[in-house]
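Q: Dropping a prediction and its sequence here:
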Amino acid sequence: MILAFLLLLAAAGDGLWPRGAQEVFRASARQCEAAQYAQAAQTAQSLPADERDLLLTIVALSRFEDLHDPTLIRESRARIEALLDRMPDESASQQFLKALALVQASVIYGKTGDNFKAALRGRKAAQLCQSLMDQGHRSPDLDGILGGYLFWKAQSLGMARSLFGGDTRARGIRLTESAASSDSPFRDAYRTSLVWIRFEQGKYGEALAICQKALGEMPDHHLWLQAKGDMLFRLGRLDEALATYRQSHSDLIGVEVLPVNLLSAAGNLGRIHYAAGRLDSARKWIQVFDAPTGKSARPWLPASLVREIQPLRRKLGLPDPR
């Protein structure tokens, strides 16, 4: 299921969606949450071409986060580029749909390593949302898209943020909080964004509370489970973190096309065991993380995890698999 960053989005009321489209997005989102991807794609077929291709892209990206089948990314990139080439942006509804499509494009480019294009598409989506808000439109989805952009842009600029629009993080957090607590059928995207904002702020307890609430609604959701494990680790609750990642690793065996989430669980088990002083167990799990059978999955692994494992290898006397 897709939890990283601003993927499942839909507008709430106020005329931004074509009549009836919102309910189709709601139904498809619920099916994605249940990992019913074939049904979610079938639900999209009732929409006109532009909305259909937007929703099919969202479904494919959600499926990719679950299964890590690289063909899904290639298909999604081709579909969203064709959609953006033909989409008009004259009316408010058209501008909103284009903003949603730009968000999907930004995610796809980020996952395939084209960070410059990802940044451009994300900025354009935020600009469209701000323009709609300036026109008087209000929805949690405008808040969610713009809020995430405002926080992460300012956060990434560091001290240079004063030269590029100032420190917009506080506004970004307020908007993201509003979207994450809304009744939008796709608030999971905003909750995910808020979790990693809290993580970036070092507010691991608040991030953990969001994870716990999501897992209360979706107990089998392995990405929320891994996020919970990460927060427990940062809070120093090592035995709980180990139990969480053991469950995640067990649940993921044989599930993915490329074992990205499976290896992430193994890498996290390695670093948590190391932090707990259990060096033999740490060595075992890092060897699982580095196994040749996972080579094709390594380009998709979280960069932060890859960085944190590197010094542990040296300390444990393990070779670099590269």
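A: Ah, there it is. Numbers count the residues shown, from 1 in each chain.
Q: use CA for all of it now, contacts and neighbours both
A: Noted.
Q: which stretches of the stretch 151-300 of the chain aren't confidently modelled?
A: 185 (pLDDT under 70).
Q: Domain boundaries for the protein, per the record?
A: Following automatic domain parsing, one gets these domains for the chain: 1-142, 224-322.
Q: Let's test this: mean pLDDT of the longest one, rounded?
A: Yep, that's domain 1-142 we're talking about. Across domain 1-142, pLDDT averages out at 88.
Q: now that domain, how far from the centre of its chain.
A: 13 Å (Cα atoms, centre = their mean, to the nearest Å).
Q: Equivalent analysis for the last one, please.
A: With Cα atoms, centre = their mean as the basis, domain 224-322 stands 19 Å off its chain's centre.
Q: Kindly report the same for stretch 196-207.
A: 15 Å.
Q: quick one: buried residues of that stretch?
A: Within stretch 196-207, the residues scored as buried using 16 or more other Cα atoms under 10 Å are 196-199, 203-204, 207.
Q: Ok, stretch 217-234 next?
A: Buried residues in stretch 217-234, counted by 16+ other Cα under 10 Å: 221-234.
Q: same thing with stretch 135-155?
A: 137-155.
Q: now swap in stretch 108-124 and tell me
A: Quick answer for stretch 108-124 (16+ other Cα under 10 Å): 108-109, 117-119, 121-124.
Q: Would you mind giving those as JSON lines with distance to residue 245 and secondary structure added?
A: Shown next, in JSON lines, are the buried residues of stretch 108-124 (distance: Cα to Cα, whole Å; DSSP: H, G, I helix; E, B strand; the rest coil):
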{"residue": "108", "distance to residue 245": "27", "secondary structure": "helix"}
{"residue": "109", "distance to residue 245": "29", "secondary structure": "helix"}
{"residue": "117", "distance to residue 245": "34", "secondary structure": "helix"}
{"residue": "118", "distance to residue 245": "31", "secondary structure": "helix"}
{"residue": "119", "distance to residue 245": "32", "secondary structure": "helix"}
{"residue": "121", "distance to residue 245": "34", "secondary structure": "helix"}
{"residue": "122", "distance to residue 245": "32", "secondary structure": "helix"}
{"residue": "123", "distance to residue 245": "35", "secondary structure": "helix"}
{"residue": "124", "distance to residue 245": "37", "secondary structure": "helix"}
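Q: For residue 198, which non-adjacent residue is closest in space?
A: Leaving out its chain neighbours, the residue that sits closest to residue 198 by Cα to Cα, 6 or more residues apart in numbering is residue 207, at 5.5 Å.
Q: Could you list the alpha-carbon positions for the host helix or strand of that neighbour in CSV?
A: Residue 207 is located in helix 204-217, with elements delineated by DSSP states H and E. What follows is helix 204-217, C-alpha atoms only, in CSV (Å, rounded to 0.1, in the frame of the first residue of the first chain):
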residue,chain,number,x,y,z
TYR,A,204,8.8,10.4,17.6
GLY,A,205,6.1,10.0,20.3
GLU,A,206,3.6,12.0,18.2
ALA,A,207,4.6,10.1,15.1
LEU,A,208,4.1,6.8,16.9
ALA,A,209,0.6,7.8,18.0
ILE,A,210,-0.4,8.4,14.3
CYS,A,211,1.0,5.0,13.4
GLN,A,212,-0.9,3.3,16.2
LYS,A,213,-4.1,5.0,15.1
ALA,A,214,-3.7,3.9,11.5
LEU,A,215,-2.9,0.3,12.6
GLY,A,216,-6.0,0.3,14.7
GLU,A,217,-7.9,0.8,11.4
